[in-house]
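Engineer: Predicted model, plus sequence, below.
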Amino acid sequence: MAYVNENYLKLPGNYLFAEVARRVAAYRDEHPDADVIRLGIGDVTLPLPAVSIEAMHTAVDEMAKKETFRGYGPEQGYDFLIDAIIERNYTARGVTVEPDEVFVSDGSKSDCGNIQEIFSEDAIVAITDPVYPVYLDTNVMAGRTGKLGADGHFEGVVYLPSTEENGFAPALPDRRADMIYLCCPNNPTGTTLSRNELQKWVNYARENDAVILFDAAYAAYITEPYVPRSIYEIDGAREVAIEFRSFSKTAGFTGTRCGYTVIPKTVTAKAKDGSRHPLNALWSRRHSTKFNGTAYIVQRGAAAIYTDEGQRQVAANIAYYMENARIIREGLSALGLSVFGGVNAPYIWLKTPNNMPSWDFFDKLLREANVVGTPGAGFGPCGEGCFRLTAFGAREDTEKAIDRIRQRLDI
Ligand code: PLP
């Protein structure tokens, strides 16, 4: 008799985006001529950088010839990509990362979701609230939580409220936490943690034998020079932190798929008998057993962004999105709304007027301004009363959306 993994039954349906799509479709049925602008998506809209296209064309041609054809590649990634990652993203910032500490993958959703497999089943998970839902859901699936309570919290999880009141810098937990997920720059709030804040977390992890799972998928969007790009810029982080990075938002690879995880060999955790084990070796075992490498063609496309020309092209695309972010942020602030993020991230997080529930604000924005965003409640209970807009739209649509909000939204 096959029984299901009942942990899956604890999860609510993928309510957020399905419900967004349902409400937009219903509105369009009623108003077929409405020009609806979507600023809810967390997906890029600009095409891949030309350097990546060119590198991938060349790689396709290599695949066509016997002499240059490639079959299975190294599971951990090709050296040409790993070396380029280390040089541009770490060595250039004074951070030491060894080639066998980088694991190339098909994107950071898989890595953020799969990493929990190398921790014990009874490890206690801490997550910021609100946050990217993958960290929590994958731990629910793995059985590290109890049931979902009426307050929207899963039993057994340590939630770290991240709100306007604490400046989006959550307090250290007052209970034990073993696996601490930090997302910086944050999705959905668009905020970052300062060097001091990150140092506080690294110190906590060292003192409590915890591990920080640091999602830096949006690191390339940081504009303020003093905000750390990597957790390894923080003293002691090489002993306690794993870092996730992605080419998705950095270089438009959302549909092309490439990311990587850094696990310094100095990050260890205990077995129940008290022996210590490097997590790098566990992840390497997992990665080589369950993953067969990112496509050679894709890795060539990713490596191309680390050339000087590639860096220029990527920076230009990010600057385009960040100008959208500025337009949204300043446009909404001028209307008297409380707005966060949008300086070091492509997300703008706003407080709904008069504490309106986030789904009510969704409907209001859709009906009055024909603009679609994402209700904050979908990212965790602390997201209630907030709303996320993204800077990934076309410039024209972004400007039009803000104009409409200014002219039509009754707030
Ligand atoms: N981490 C965060 C915080 C994200 O917002 C996303 C995508 O939206 C990802 C990871 C996943 O990125 P990828 O496309 O590399 O799987």
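Structural biologist: It's in. Residues are numbered from 1 along each chain as shown.
Engineer: wait, doesn't Ala219 sit right on Ile231?
Structural biologist: No: if you go by CB atoms under 8 Å, Ala219 and Ile231 don't touch, sitting 9.9 Å apart. C-beta: built from backbone N, CA, C; applies to glycine.
Engineer: ok, Arg195 touching Glu233?
Structural biologist: Yes: using CB under 8 Å, Arg195 is in contact with Glu233, at 7.4 Å.
Engineer: Looking at these two, which has the bigger crowd around it?
Structural biologist: Each of Arg195 and Glu233 has its neighbours counted (other CB atoms under 10 Å); Glu233 has more, 16 against 13.
Engineer: my read: the more buried one touches Gln199, true?
Structural biologist: No: the criterion here is CB under 8 Å, and Glu233 misses it with Gln199 at 9.9 Å.
Engineer: Show me what counts as buried in the helix or strand where Ser333 lies.
Structural biologist: Per DSSP states H and E: Ser333 is located in helix 308-334. Applying a neighbour-count criterion of 16 or more other CB atoms under 10 Å, one finds 310, 313-314, 317-318, 320-322, 324-325, 327-329, 331-332 buried in helix 308-334.
Engineer: so which of these comes closest to the ligand?
Structural biologist: Set against the ligand, the nearest of the buried residues of helix 308-334 by CB to the nearest ligand atom is Tyr321 (13.5 Å).
Engineer: need the contact list for the closest one.
Structural biologist: Contact partners of Tyr321, counting by CB atoms under 8 Å, 6 or more residues apart in numbering, are 44, 46, 221, 346, 391-392.
Engineer: Reformat those as CSV; add distance to the ligand, pLDDT and secondary structure.
Structural biologist: Below are these laid out as CSV (distance: CB to the nearest ligand atom, whole Å; pLDDT from 0 to 100; DSSP: H, G, I helix; E, B strand; the rest coil):
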residue, distance to the ligand, pLDDT, secondary structure
Val44, 10, 95, coil
Leu46, 15, 97, coil
Tyr221, 11, 98, helix
Pro346, 10, 98, coil
Ala391, 13, 98, coil
Phe392, 10, 97, coil
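Engineer: filter these to the buried ones?
Structural biologist: For those, a burial check counting by 16+ other CB under 10 Å picks out 44, 221, 346, 391-392.
Engineer: What count of nearby residues applies to the closest residue to the ligand within the stretch 251-400 of the chain?
Structural biologist: Here the stretch 251-400 of the chain gets closest to the ligand at one residue, Gly259, 4.1 Å apart by CB to the nearest ligand atom. Counted by other CB under 10 Å, the residues lying close to Gly259 total 24.
Engineer: for Lys10, same thing?
Structural biologist: Applying other CB under 10 Å, we find 16 residues neighbouring Lys10.
Engineer: where does the stretch 101-250 of the chain come near the ligand, residue by residue?
Structural biologist: Within the stretch 101-250 of the chain, the positions near the ligand by CB under 6 Å from any ligand atom are 107-109, 112, 132, 183, 187, 215, 217, 246, 248.
Engineer: Can you name the two of these that sit furthest apart?
Structural biologist: Spanning the widest gap among these are Gly107 and Cys183, at 15.1 Å by CB to CB.
Engineer: which residues of the stretch 1-150 of the chain fall in strands?
Structural biologist: For the stretch 1-150 of the chain, the strands defined by DSSP state E, counting those that start in this stretch occupy 37-38, 102-105, 125-129.
Engineer: Mean pLDDT for those - can I get that in JSON lines?
Structural biologist: Output for those, formatted as JSON lines (pLDDT from 0 to 100):
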{"stretch": "strand 37-38", "mean pLDDT": "96"}
{"stretch": "strand 102-105", "mean pLDDT": "98"}
{"stretch": "strand 125-129", "mean pLDDT": "98"}
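Engineer: how about the ones you listed in TSV, adding mean neighbour count?
Structural biologist: Below are the strands of the stretch 1-150 of the chain laid out as TSV (neighbours: other CB atoms under 10 Å):
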stretch	mean neighbour count
strand 37-38	20
strand 102-105	24
strand 125-129	25
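Engineer: Any chance of these in JSON lines with distance to Asn354 as columns?
Structural biologist: Converted to JSON lines, the strands of the stretch 1-150 of the chain look like this (distance: least, CB to CB, whole Å):
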{"stretch": "strand 37-38", "distance to Asn354": "24"}
{"stretch": "strand 102-105", "distance to Asn354": "44"}
{"stretch": "strand 125-129", "distance to Asn354": "22"}
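Engineer: More neighbours: which of Gly107 and Cys183?
Structural biologist: Cys183 (28 against 21).
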